[in-house]
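Participant: structure for the following, please:
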Amino acid sequence: MKLGVYTAVLHDKPVAEAVRAISDLGLDSAEINSGGFLPPVHLPVADIRASQDARDEYLGLFQAYLMSVQSLTVR
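Facilitator: Okay, the predicted model is just below:
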């Protein structure tokens, strides 16, 4: 079973720091806020839509900690 965190609760931290904090808790996935009632502070929407390199770099942040992006959420 994968256990993760909805990253909006870590809105005050940059994405790399949030991923590290989630990993330090022993969790292995993240639910990324992608907009809605909160801004997508952990998802550079324009960048990842425009570039495969940006998508690879973004996912690499999670892979470096053996984590996965479980879902993208709009609330």
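
Participant: how about the helices in the chain?
Facilitator: For the chain, applying DSSP state H gives helices covering 15-24, 45-50, 52-63.

Participant: and the shortest one, C-alpha only, in CSV?
Facilitator: The C-alpha atoms that make up helix 45-50 are tabulated as CSV, following Å, rounded to 0.1, in the frame of the first residue of the first chain:
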residue,chain,number,x,y,z
VAL,A,45,2.1,24.1,-14.5
ALA,A,46,3.3,26.3,-17.3
ASP,A,47,6.8,24.8,-17.3
ILE,A,48,5.7,21.1,-17.3
ARG,A,49,3.1,21.8,-20.0
ALA,A,50,5.7,23.4,-22.2
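
Participant: give me the buried positions along it.
Facilitator: I48 (16 or more other Cβ atoms under 10 Å). All C-beta spots, glycine's among them, are computed from the backbone N, C-alpha and C.

Participant: against D24, how distant is the residue positioned nearest the centre of the chain?
Facilitator: In the chain, the residue lying closest to the centroid (Cα atoms, centre = their mean) is I32, at 4.6 Å. For I32, the distance to D24 equals 18 Å [Cβ to Cβ, to the nearest Å].

Participant: wait, L72 sits on L43?
Facilitator: Yes: taking Cβ atoms under 8 Å as the definition, L72 is a contact partner of L43 at 7.1 Å.
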